[in-house]
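Novice: sequence below, structure please.
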Amino acid sequence: MSILLGTPISKFYTSFDASTDESRWPVLICLLGGFRLLKAGQPVRLRNANKTRSFLVCLAMEKSYCVSREAILEMLWPNTESALASQSLNSLVHSLRRLLSDTIGGEPPVIHSDDCYRLNIDAGIGVDTDWFEALAFSGEHQERSGNMEAAVNFYRAAVNLYRGDLFSNLDTQSMIVGESLRGKYMTLLSRLADYSYADDDLRICLEYARRLLSLDPCREDAHRVVMRCYARQGERTQALRQYQLCETVLRNEFDILPEAATTNLYNQIRLNPDRLADLSA
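Specialist: The predicted model follows:
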């Protein structure tokens, strides 16, 4: 399942900038770092919260393909008589319309057609996972076009939007999507660290590299970035300790040694202290 590419994209994505102002969305479903439902940027309290949350998460995860009524009934009311379950679903959809439609021009937030349900993204229903991927995609497009400053602005916005891993019920498909989003987030952190280092903004570079290592302590590229930053700042001992940390983590996790590039950097810092300021990424 693709969250962005290949899905119908709301008109609110078509003139995109690098803002992460949540109030730009009439309705925003947030799945990163926990579930939130926002209306014009403000949190919404849900009636029948568990069922409504599960329903919205299901649609947000599958909005490129309509979710069948049968699948929703089975998910939300698995042991309920069919007529009663259908009545409960109708009531849930109606309550969402009363709750949210005033901010999307009276349109229904959930569309029911051909015995399937989908989010009305064209009316202004946003999902933060889509938003994150749109920002990342826009940054990659700008980078390919040679506009690195614009690319970095999009990457920073995407990273700021990523408040945590995907909220889901931990089914296999959700886990796959969650890992894909997490991987994209780590890639963006790495790119931003490299850019900040090249721009000699070592404090910000260290921040991005440390965030990356907090997610994956085995990322040798991030360890090397931290080592270079410390060395450039004249903190040679800290740079050498970072290598030892990297070596320990890799040995404990996988019983392997650091890559040659990491060891060569360590030796360069250890043996040529007079040339530390010349270290390149």
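Novice: the stretch 1-150 of the chain: helices as residue ranges?
Specialist: Per DSSP state H, counting those that start in this stretch, the stretch 1-150 of the chain carries helices over the ranges 49-61, 69-76, 82-100, 128-144, 148-161.
Novice: nearest to residue 248 among these would be which one?
Specialist: helix 148-161 (27.7 Å; Cβ to Cβ). The way it works is simple: take the backbone N, C-alpha and C, and place the C-beta from them, glycine included.
Novice: what's the closest one in contact with?
Specialist: Residues outside helix 148-161 that contact it (Cβ atoms under 8 Å, 6 or more residues apart in numbering) are 18-20, 32, 128, 131-132, 135-136, 138-140, 142-143, 185, 188-189, 191-192, 195, 208.
Novice: of those residues, buried ones?
Specialist: By neighbour count, with 16 or more other Cβ atoms under 10 Å, these hold 18, 20, 32, 128, 131-132, 135-136, 138-140, 142-143, 185, 188-189, 191-192, 195, 208 as buried.
Novice: ok, residue 193 - contacts?
Specialist: Residues counted as contacts of residue 193 (Cβ under 8 Å, 6+ apart) are 205, 208-209, 212, 222, 225.
Novice: contact partners for the residue nearest to it when sequence neighbours are not counted?
Specialist: Excluding the flanking residues, the one nearest residue 193 by Cβ to Cβ, 6 or more residues apart in numbering is residue 208, at 3.9 Å. Residues near residue 208 by Cβ under 8 Å, 6+ apart: 159, 189-190, 192-193, 196.
Novice: now those residues in CSV, with distance to residue 89 and secondary structure?
Specialist: Converted to CSV, the contacts of residue 208 look like this (distance: Cβ to Cβ, whole Å; DSSP: H, G, I helix; E, B strand; the rest coil):
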residue, distance to residue 89, secondary structure
159, 38, helix
189, 41, helix
190, 44, helix
192, 44, helix
193, 47, helix
196, 49, helix
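Novice: now pLDDT and distance to residue 272 too, for these, in a markdown table please.
Specialist: Shown next, in a markdown table, are the contacts of residue 208 (pLDDT from 0 to 100; distance: Cβ to Cβ, whole Å):
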| residue | pLDDT | distance to residue 272 |
| --- | --- | --- |
| 159 | 96 | 34 |
| 189 | 98 | 29 |
| 190 | 97 | 26 |
| 192 | 97 | 28 |
| 193 | 97 | 23 |
| 196 | 96 | 24 |
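Novice: let me know the closest of those to residue 232.
Specialist: Out of the contacts of residue 208, the member with the shortest distance to residue 232 (by Cβ to Cβ) is residue 196, at 11.7 Å.
Novice: please name the nearest non-neighbouring residue to that closest one.
Specialist: residue 205 (3.7 Å).
Novice: tell me which element the one you found is part of?
Specialist: helix 202-215 (DSSP states H and E).
Novice: so how far is that helix from its chain's centroid?
Specialist: 17 Å (Cα atoms, centre = their mean, to the nearest Å).
Novice: immediately after that helix, which helix or strand?
Specialist: Next along the chain after helix 202-215, with elements defined by DSSP H and E, is helix 220-232.
Novice: list the buried residues in stretch 166-177.
Specialist: Under 16+ other Cβ under 10 Å, the buried positions of stretch 166-177 are 166-168, 174, 177.
Novice: where does this structure dip in pLDDT?
Specialist: Applying pLDDT under 70 to the chain picks out residues 1-16, 63-64, 169-170, 276-281.
Novice: kindly recompute the last result at 50.
Specialist: Scanning the chain with the threshold set as pLDDT under 50 gives 1-11, 14.
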